[in-house]
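>>> the following comprises the amino acid sequence and a computationally predicted model.
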Amino acid sequence: MFWRRKKQEDRRAGSRDAAEPVAALISDVGCHRELNEDSGRVVHSGPGRGLLAVVADGMGGHQAGKVASHAAVEIIAKEYGEARGTPGAALEQAFLKAHHRILKLAKQNASMSGMGTTCTALAIVDGRAWAAHVGDSRLYLVRGDCIYQLSEDHTQCMELVRRGLMTLEEARRNEDRNVLSHAMGTRPELTAMFWQEPMNVQPGDIFLLSSDGLHNLVTSAEMCEVSRGAPSEAACRKLVDMAKERGGYDNITVAVVSIPGGSAPVPPVKETRVYEVTE
């Protein structure tokens, strides 16, 4: 995978002196849904934990999806800051806590049976990035003129791609492309991706986290162009507006985390402990 190879290259390059990240997040109900079942949060988690960004896209209907995604984001933000071990180990513990909490909520309330959520989290600590992921929300890295998808979609179509039974282009066009193979809170055991080793960040790096309401309508090339051309908050707003202009069929959530320096734009100095907009 790209991220594993890139981390090895970065360790050789020694990029641990990257500046503190600047981040923003916007979650929007979109143009057709009555309820926003996405949740997201960006928070500074204190010494040794750095900045944490989380995006979750809930499912289950009758507000169950909103409950699931909100629980995932809130529990991960809390548990990550309190857990012991490396940031990677803390993310894994936080994901498991959130998973079991959602299972418990569904068991206690019959109307929420079958609810679950995608969840993608990024932690940046002392110039290193750690990630955890389940479902089809995504994590991207913009470095220079290129954008890389650092997460793999946990969908039935992508399972067929990995087994060589479907091409990536066929998966992108398939009407069942958003049918999940793994999610948080839907089965007793959580199957998720956890980085066991960090990736060193470099000045000018930009990370994007998105729910499928964004990346189903905005291409990765467009994400690259927008994020490189504006500060984090303005880039979030532009990307959400683009998705809504193209129909906004689903809820839309995007977080942009920028490492100052390099060729990336540096926004004015403004500390925002938590930035969240839900419409």
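Perfect, thanks for sending it.

>>> what about the spatially closest residue to Phe207 that is not a sequence neighbour, distance to Val142?
Excluding its sequence neighbours, the residue lying closest to Phe207 (CB to CB, 6 or more residues apart in numbering) is Val257, at 4.3 Å. In this view, the C-beta of every residue, glycine as well, is placed from N, C-alpha and C. Between Val257 and Val142 the computed distance is 10 Å (CB to CB, to the nearest Å).

>>> ditto for His70
28 Å.

>>> who touches Ala192 in this structure?
95, 119, 132-134, 182, 184 (CB atoms under 8 Å, 6 or more residues apart in numbering).

>>> thinking Ile75 is in contact with Leu96, fair?
No - using CB atoms under 8 Å, Ile75 is not in contact with Leu96; the gap is 10.0 Å.

>>> what's the closest of the contacts of Ala192 to Ala64?
Nearest to Ala64, judged by CB to CB, of the contacts of Ala192 is Met184 at 13.0 Å.

>>> residues near that closest one, how many?
Around Met184 sit 30 other residues, with neighbours defined as other CB atoms under 10 Å.

>>> cool, Glu197 as well?
Neighbours of Glu197 (other CB under 10 Å): 13.

>>> go through the strand or helix carrying Lys244 and flag the buried ones.
Here Lys244, judged by DSSP states H and E, is contained in helix 232-245. Going by neighbour count (16 or more other CB atoms under 10 Å), the buried part of helix 232-245 is 232-244.

>>> any chance of those residues in JSON lines, plus pLDDT?
Converted to JSON lines, the buried residues of helix 232-245 look like this (pLDDT from 0 to 100):
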{"residue": "Ser232", "pLDDT": "97"}
{"residue": "Glu233", "pLDDT": "97"}
{"residue": "Ala234", "pLDDT": "98"}
{"residue": "Ala235", "pLDDT": "98"}
{"residue": "Cys236", "pLDDT": "98"}
{"residue": "Arg237", "pLDDT": "98"}
{"residue": "Lys238", "pLDDT": "98"}
{"residue": "Leu239", "pLDDT": "98"}
{"residue": "Val240", "pLDDT": "98"}
{"residue": "Asp241", "pLDDT": "98"}
{"residue": "Met242", "pLDDT": "98"}
{"residue": "Ala243", "pLDDT": "98"}
{"residue": "Lys244", "pLDDT": "98"}
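
>>> in TSV, list those along with distance to Arg172.
Below are these laid out as TSV (distance: CB to CB, whole Å):
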residue	distance to Arg172
Ser232	28
Glu233	30
Ala234	28
Ala235	24
Cys236	24
Arg237	26
Lys238	23
Leu239	19
Val240	22
Asp241	23
Met242	18
Ala243	17
Lys244	21
